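Enquirer: What follows is a predicted structure for the sequence shown.
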Amino acid sequence: MADAVIDLTNVSDTASESGSENGSSLSDEVQVPPALEDTGREQLRVAIDNVPEDRLRAIVKELVDSAPAVEAAMMQKLVATKKPKKRAAVEVLPRWEVCMHCEEEYDASTRRRTGECRYHSGDLEVDEDSFVDWDEDCHGPMDTPAKRRAWPENFIWNCCDADGRSEGCEDAKHVPGGHRKTRARY
């Protein structure tokens, strides 16, 4: 079978061949995006950065359903397979997971190793002695996400007594099941 030519321009051959008396053609009236040169590509990246997530997800799903090349690329980037232990079917799972311990995104298709995940097994608590002359009636509560970010040294992990700047006291392998949205690091 001969190689098929796939036209991605959405402009028919007849549109480009038929012209009007003033020199314009039907293709002048068709709204085809410009070729992705540097400025066009940059504008596309800006649009991707600014489109709402639900709309972007819908667009990606539509492209996956309509373009086999997009489907293949998305399968490679987003889906991993797990080799069965016995004669079971191959398990297909998301390639990118969020660790339930450290909340970091990781590639589930790579081999897990101890030490890739550093986290605290306890809770981050206020060290009231570090908030010198703090009056909650005047200054507001000590334990807020904003204060944890601004003064992490004023908070203590109850699992290891390290302050809020500590990276983690536990070394482990990543475990799937974390939140899909990345949390603010304290």
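Expert: Alright, I've got the coordinates.
Enquirer: so where's the protein uncertain?
Expert: 1-37, 180-186 (pLDDT under 70).
Enquirer: Spell out the residue ranges of the helices in it.
Expert: Secondary structure of the chain, counting by DSSP state H: helices at 13-17, 26-29, 38-50, 53-66, 68-78, 136-139, 145-150.
Enquirer: Please identify the buried residues of the last one?
Expert: Think helix 145-150. Buried residues in helix 145-150, defined by neighbour count with 16 or more other CB atoms under 10 Å: Lys147, Arg148. Where you see a C-beta, it was placed from the backbone N, CA and C, and this is true even at glycine.
Enquirer: how far is it from where the chain is centred?
Expert: Here helix 145-150 shows a centroid-to-chain-centroid distance of 24 Å under the convention CA atoms, centre = their mean, to the nearest Å.
Enquirer: Indicate which one of the helices of the chain is closest to Asp107.
Expert: Set against Asp107 and scored by CB to CB, the helices of the chain come closest in helix 68-78, at 10.3 Å.
Enquirer: coming back round to it: any chance of a markdown table for the helices of the chain, columns distance to Ser109?
Expert: Formatted as a markdown table, the helices of the chain follow (distance: least, CB to CB, whole Å):
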| stretch | distance to Ser109 |
| --- | --- |
| helix 13-17 | 43 |
| helix 26-29 | 44 |
| helix 38-50 | 24 |
| helix 53-66 | 19 |
| helix 68-78 | 10 |
| helix 136-139 | 48 |
| helix 145-150 | 33 |
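Enquirer: Can you give me the neighbour number for the residue nearest to Ile48 when sequence neighbours are not counted?
Expert: Leaving aside its chain neighbours, Ile48 sits nearest to Leu56 (6.9 Å; criterion: CB to CB, 6 or more residues apart in numbering). If you count neighbours by other CB atoms under 10 Å, Leu56 ends up with 14.
Enquirer: Trp96 now?
Expert: 15.
Enquirer: so what's it up against?
Expert: Contacts were defined as CB atoms under 8 Å, 6 or more residues apart in numbering; by that measure Trp96 touches Leu78, Glu105, Tyr106, Asp107, Ala108.
Enquirer: Verify the stated contact: Thr81 with Val92.
Expert: Yes - between Thr81 and Val92 a contact is recorded at 5.6 Å, counting by CB atoms under 8 Å.
Enquirer: Give the PyMOL command for selecting the buried subset of the contacts of Trp96.
Expert: Per 16+ other CB under 10 Å, the buried members of those correspond to this PyMOL selection:
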select buried, resi 106+108
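Enquirer: farthest-separated two in the contacts of Trp96?
Expert: Top of the distance list for the contacts of Trp96 (CB to CB): Leu78 and Tyr106, 13.8 Å.
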